[in-house]
Structure formats: structure tokens, C-alpha cells
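Undergrad: Predicted model, plus sequence, below.
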Amino acid sequence: MNGLSAYKYVFQIQFFRNAGFLIFMTLIQILISIGIVIGFTYMIPSPDTDTILFLTTGAPTIILIFSGLVILPQQIGSAKSDGYLNFMRTWPVNRSVILGADTILGLLITIPGIVVSTIVAHLMFNPGYDLSWTVVPALLMIALTSIGVGYGFSYLLSPVASLSVSQIVVFFSLMFSPVNYPMDRLPEWLQALHEFLPIYSMAEVMRASLAASTFDASLGNYINLLIWCILGYGGAIFILNKR
Amino acid sequence: MILNVENVTKAFSSRGKEKIANDHLSFTINEGEVFGLLGQNGAGKTTLVNQILGLLTPDHGEILLLGKSVLKAPAHARSICSVQPQSQVPLGSLTPKQAVTLMGKMRAGKGFNPKRVDELFEALDMTEWANVEGVKLSGGAQRLTAFCMAVVVPGQLVILDEPTNDVDPVRRRYLWQVVRSLADQGTAVILVTHNVLEAEKAVDRLAIISHGKFLAQGTPREVKGSVSNKVRIELSLVNEIEEVSVPDWAHSLRRNGSRLLFSMDPSRISPTIDWITDQVDGGLVVDYSISPTTIEDAYIALNSKKTEGVS
């Protein structure tokens, strides 16, 4: 069987198996992304347009991080403990087909949240969106990095360990990462750490494509994402093929 | 020959202690053969199966599927084997029909005939569940679905790991019929189980594994013959207190409430029947059965020998 039809069937199995969960998560993602846009404006009294633009262009990144580094690791953790992962490993398909199918599912559940929250923010605050054509590749690249890294650590670690990592990641990326506010507000050592971690690069690339006239992403940001993406998927493929 | 396992050894180490899960195991399976792998919990059955599937690598030895090394061509191995795992397959929102159809398509591609799913469901009397979400199914229905996923488009080797767990007695029979028809069509089947009674009826050949080693291997007749060639008598007495004097050719006499069991040499069958008839006429015995040694007897004898040897 060729790769494409193998992909189709694996995708269908994974989609129908998780249909209820995926719909539920899509709704949660919509709520969270609107929540970030609106909720943070309560935390900051009389925010200016720049602040709002930071918040609204940061929300999609948070959603993508949430999807790849929290929801996905939880699913993989339970697939590991109930033996489903080992069952998938006996399927007569290339293992990367399974990763590919799950990646697209992870991406699909985030898109409605991103679209809805962007429209809501535009209508409420009109913060100065300026969509660039790069929005689609940027979204893909961020999603792939986030999902890839999520894959990597959830395949590498035990279910309990990966659950702890994902809890820390979501807290760290919401509060201590330059996603919803500028990098220079952080202490220097955290700034240095974020030059290395992918979160800052994700946020920069996302911002540059949603408000192209206000923000720029550097080549370094793209390279950073690419490296993390390869590390994540590479690690996951390695573990899936390991015996 | 479909499968050739040569001298396979696999050990695991945990906390500095090495546990040998498979100890120099060798066997072969031919087309159309149902091979039983019998053993207690932790005997090393699933470890062996995982090596055949290429999920684990043997420490020593070689596994060949259709002449090709599993180690060198794991993707080839996966395309030949279809598996029902020991653990339940969590179906989530998938219905049995969706799960089995998609698995069939994954194996056969466009050439898949969807009628095969209906035929299987009918053969196993599970049509009523065909369109029920997996999470709402009973354990037995889930197990049967996983069985169908393995056999809907069988590879040349089907591996069934405890396929009848949770399944009711009537559908178990249907399941064994499906297994037999697979074998009749040339598929080789490995049946992994600790349910010895069922295995005896279903397999062509079997191996008994304990602590990673084969204790016996062959046809059911050969395995039974390796232990004893005795006949088993079971009597139901009128009540629990009744004393019965048994003939002196009765061996390994056991009393279990109102049941009396013993074994004896097959040459003594006719005087034994005379003796039993007297007991029935005398009102001491309600009913009785005479049966050849079962695989279960052989299994217990072999395993207890092994335990004695260890202690």
C-alpha cells in the first residue's frame, strides 16, 4: 500500500477514536484563547493598543503550545499506559505515518481557537492586525515545533514525568515567557534562557505574521524553531522505532 | 514454513538482577497451522511474541519470517503478522465496524471487501454491537472487536494473545471456528494462552513454556504422551460422607467433596466400568465420566515437575 492511503486510514482511525475528545478540546481551546485576549486586559488597567496587540498576537502561540506540549503529551501518556502505543507499533505502516496523522489532528484542534480569538480581538479592540502571507507557514512551523517537542518528551519520558513536564511548561509559558509581553521585561538570565528555548521564537514568528507592520522576526527565530522541530520529531521517531 | 525461531534468548535486567524471559527457544510454524504457546503468567510468552513482531530484539538467536530476518526487516515482519494484543485495545469513540473496516483497509488497501466485516460479525454473533461506540461496549465485545481487527485481513501469521479473555462461552466457540477457518485457508496462527482446556481443542501443535524454557513441544497427543498415558475417572458420589472402596489399580486418588477422581492404566477400563456399574446399582454413585489425559493434566504435571526441580 502506498504512503498516502496508509496515511488516510491511520488518520481516520485516530480521528474517530478520539472524536469526542477532539471536539471537546477544540471548544476548550476557543475558550482559552478568547480568555487570554479578554482576561489579560482585566489584569492590566487601561492597556494601550501596543499592550493589547502583544496580548492578542500572543494568544495563538499559547494555544499552539497548549496543544502540542500539554494535550498531546497527555494523550500519548495514556496511550502508553493502556498499551495502545504498542498496538500501533504493530501496524503494517511506516511509524512516521502515525506521527503525521496525530500532528494534523493536533493542528486541527487549535485552528478554530486561533481564528475565533483573532476575530473577537479585532472586533473588540481593533489593535492593529496586519496579516502577512507568512501567517500560514508561520502557524505550521510553530505548530510543528510545539507538537514535535511534545512528541519528543512524551515518548522519551514515563507518563507521570511527561505529565509533570507539561504542567510546568504551560505555567512557564504563560507567566515567565515573552509571549504576552516584551522580552525586555524579563531578568537577563531568563532572557538568555529564552534565546535558547523555542517559546520566544514561536511568539516572535507568530507576531510578525499577524501584525507584520509592527513586529519583525529574525532569521535566528526561524532557525531556532527548525532545530527544535527536528529534535522533537527525531526523538519521537527514534523512540517509536527503538526496540 | 512461515516462522522459524532459532535459539532465541532474551533477558531483562531490573535493579541489577537479570531475569531470563526466553531461554534458547526454537520452534517453527507452517502454513495453516495453529500453534499454541501455553504458560503461566510471566512465563515469557508475550516477550517471545514481541520479538517475533520486531518490537523487541533478541539477545541471541534469530527469528525468520518467510525466510527473512525480523531484525533486519522489521517493516516486512509487521506486514506479515497481524496481532490481537493481550491488553484491551481502547477503541474510544470508534465503533467495532469502523475499527475493523479501517484495519482491513490498512492491510488490504483498495482491494478490501467490506462484506468481510459483516461476515465476521455474523460468525461471532456480534452484529448487535457493530455500530456502538467502543467506550460503551462490554469487555467481551471489545475483545471480540480486537480479534476481528487482527483477522479481518489476516497476515500470513496471526498472533492472538489471550483472545478469549472476557468472552462468553458461546462466542468462544464461534471464535475458535473462525480461527480454524483461517488455518484452513493457509494462515498460520500463534495462540498465546494460559487457558489450557480451550487450547487443547484449538491447536494443531503446542509448546509449554515455563520460566522462559520450553518444557514440552509437539502435537497435543505427543505432549500428553510425554507425561503419562493414563485414563481419568471422575465419580459423583451420593453425598460427601459416603465411603467407597476403590479398586486397587486406581492411582492418584483424590476426593473433592462428593467428587472422587483417580487415574489408571487404559487396559483396566472394562473392569473399572463393571466396578462403577456395581457402585451405581448399589446407590453410591450418581454419575461418572471416563476421559483420556488432558493437556491440562500434562501441563500441571510438567509445571509441578519443574517447580520440584527448582526448589
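TA: Cool, the structure landed.
Undergrad: Using the three-state scheme, assign residue B:18.
TA: Counting by DSSP: H, G, I helix; E, B strand; the rest coil, the backbone at residue B:18 sits in strand.
Undergrad: Okay, and the beta partners of it?
TA: Beta-bridge partners recorded for residue B:18 (DSSP bridges): residue B:13.
Undergrad: swap in the one 10 residues further on?
TA: Bridge pairing for residue B:28 (DSSP bridges) gives the partners residue B:4.
Undergrad: per-residue confidence for it?
TA: Here, the pLDDT recorded for residue B:28 equals 95.
Undergrad: Determine the number of other residues adjacent to the residue of the stretch 201-311 of chain B found nearest chain A.
TA: Nearest residue of the stretch 201-311 of chain B to chain A (Cβ to the nearest Cβ) works out as residue B:212 at 18.6 Å. To be clear about C-beta, it is placed using only N, CA and C from the backbone, and glycine gets the same treatment. Around residue B:212 there are 23 other residues, counting by other Cβ atoms under 10 Å in any protein chain shown.
Undergrad: Over to the one 5 residues further on?
TA: Other residues near residue B:217 number 17, with proximity taken as other Cβ under 10 Å.
Undergrad: and what of residue B:171?
TA: Neighbour tally, residue B:171, other Cβ under 10 Å: 19.
Undergrad: Let's test this: mean pLDDT of the host helix or strand of it, rounded?
TA: Element membership for residue B:171 (DSSP states H and E) is helix B:169-184. Averaged across helix B:169-184, the pLDDT comes to 95.
Undergrad: Pull the distance from whichever helix or strand comes after that helix to the chain's centre.
TA: Counting by DSSP H and E, the element after helix B:169-184 in chain order, helix or strand, is strand B:188-193. Offset of strand B:188-193 from its chain centre (Cα atoms, centre = their mean, to the nearest Å): 7 Å.
Undergrad: for stretch A:226-243, same thing?
TA: 17 Å.
Undergrad: could I have that stretch exported to CSV, CA atoms only?
TA: Extracted C-alpha coordinates of stretch A:226-243, given in CSV (Å, rounded to 0.1, in the frame of the first residue of the first chain):
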residue,chain,number,x,y,z
LEU,A,226,13.6,24.4,12.9
ILE,A,227,16.2,22.9,15.2
TRP,A,228,13.7,22.2,18.0
CYS,A,229,11.2,20.8,15.5
ILE,A,230,13.8,18.3,14.1
LEU,A,231,14.9,17.4,17.6
GLY,A,232,11.3,16.7,18.7
TYR,A,233,10.3,14.6,15.7
GLY,A,234,13.7,12.9,15.5
GLY,A,235,13.4,11.9,19.2
ALA,A,236,9.8,10.6,18.7
ILE,A,237,10.7,8.6,15.6
PHE,A,238,13.8,7.2,17.4
ILE,A,239,11.7,6.0,20.3
LEU,A,240,8.9,4.6,18.1
ASN,A,241,11.5,2.6,16.1
LYS,A,242,13.5,1.6,19.2
ARG,A,243,13.4,-2.0,20.3
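Undergrad: Give the residue spans of chain A that score low on pLDDT.
TA: Applying pLDDT under 70 to chain A flags residues A:1, A:243.
Undergrad: tell me what the lengthiest helix in it is packed against?
TA: Ranked by number of residues, the top helix in chain A under DSSP state H is helix A:19-43. If you count contacts as 3 or more Cβ pairs under 8 Å, 6 or more residues apart in numbering or on different chains; DSSP states H and E, helix A:19-43 packs onto helix A:49-66, helix A:95-108, helix A:111-125.
Undergrad: Specify the local secondary structure of residue B:166.
TA: coil.
Undergrad: Surely it and residue B:143 touch.
TA: Yes: proximity of residue B:166 to residue B:143 meets the contact threshold set by Cβ atoms under 8 Å, at 4.9 Å.
Undergrad: Residue B:78 and residue B:288: what is the separation?
TA: 51 Å (Cβ to Cβ, to the nearest Å).
Undergrad: which residues are there in chain A that come within reach of chain B?
TA: A:1, A:5-6, A:9-10, A:12-13, A:16-21, A:82-84, A:86-87, A:89-94, A:241, A:243 (Cβ under 8 Å from any Cβ of the partner chain).
Undergrad: okay, residue B:166 and residue B:143: which has more neighbours?
TA: Neighbours were counted for residue B:166 and for residue B:143 using other Cβ under 10 Å; residue B:143 has more, 22 against 13.
Undergrad: in which helix or strand would I find the more buried one?
TA: Going by DSSP H and E, residue B:143 is part of helix B:139-151.
Undergrad: Remind me what that helix packs against, helices and strands.
TA: strand B:81-84, helix B:96-108, helix B:115-123, strand B:157-161, helix B:169-184.
Undergrad: Buried residues in it, which are they?
TA: Buried residues in helix B:139-151, counting neighbours by 16 or more other Cβ atoms under 10 Å in any protein chain shown, are found at B:140, B:141, B:142, B:143, B:144, B:145, B:146, B:147, B:148, B:149, B:150, B:151.
Undergrad: From the chain's centroid, how far away is the strand or helix carrying residue A:161?
TA: Taking DSSP H and E as the definition, one finds residue A:161 inside helix A:159-175. Mean-position distance between helix A:159-175 and its chain equals 13 Å (Cα atoms, centre = their mean).
Undergrad: and it, C-alpha only, in PDB?
TA: C-alpha atoms of helix A:159-175 as PDB (Å, rounded to 0.1, in the frame of the first residue of the first chain):
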ATOM      1  CA  PRO A 159       3.700   9.100  31.500                       C
ATOM      2  CA  VAL A 160       4.000  10.600  35.000                       C
ATOM      3  CA  ALA A 161       7.100  12.500  34.200                       C
ATOM      4  CA  SER A 162       5.800  13.900  30.900                       C
ATOM      5  CA  LEU A 163       2.600  15.000  32.700                       C
ATOM      6  CA  SER A 164       4.700  17.000  35.200                       C
ATOM      7  CA  VAL A 165       6.800  18.500  32.400                       C
ATOM      8  CA  SER A 166       3.700  19.600  30.500                       C
ATOM      9  CA  GLN A 167       2.200  21.200  33.700                       C
ATOM     10  CA  ILE A 168       5.400  23.200  34.200                       C
ATOM     11  CA  VAL A 169       5.600  24.100  30.500                       C
ATOM     12  CA  VAL A 170       2.100  25.600  30.500                       C
ATOM     13  CA  PHE A 171       2.700  27.700  33.600                       C
ATOM     14  CA  PHE A 172       6.200  28.800  32.500                       C
ATOM     15  CA  SER A 173       5.000  29.800  29.000                       C
ATOM     16  CA  LEU A 174       2.000  31.800  30.400                       C
ATOM     17  CA  MET A 175       3.800  33.700  33.200                       C
END
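Undergrad: tell me the angle of that helix relative to helix A:19-43?
TA: For helix A:159-175 against helix A:19-43, the angle by axes from the mean of the first three to the mean of the last three Cα atoms, to 10 degrees is 30 degrees.
Undergrad: Before I go, just wanted to say thanks for your time.
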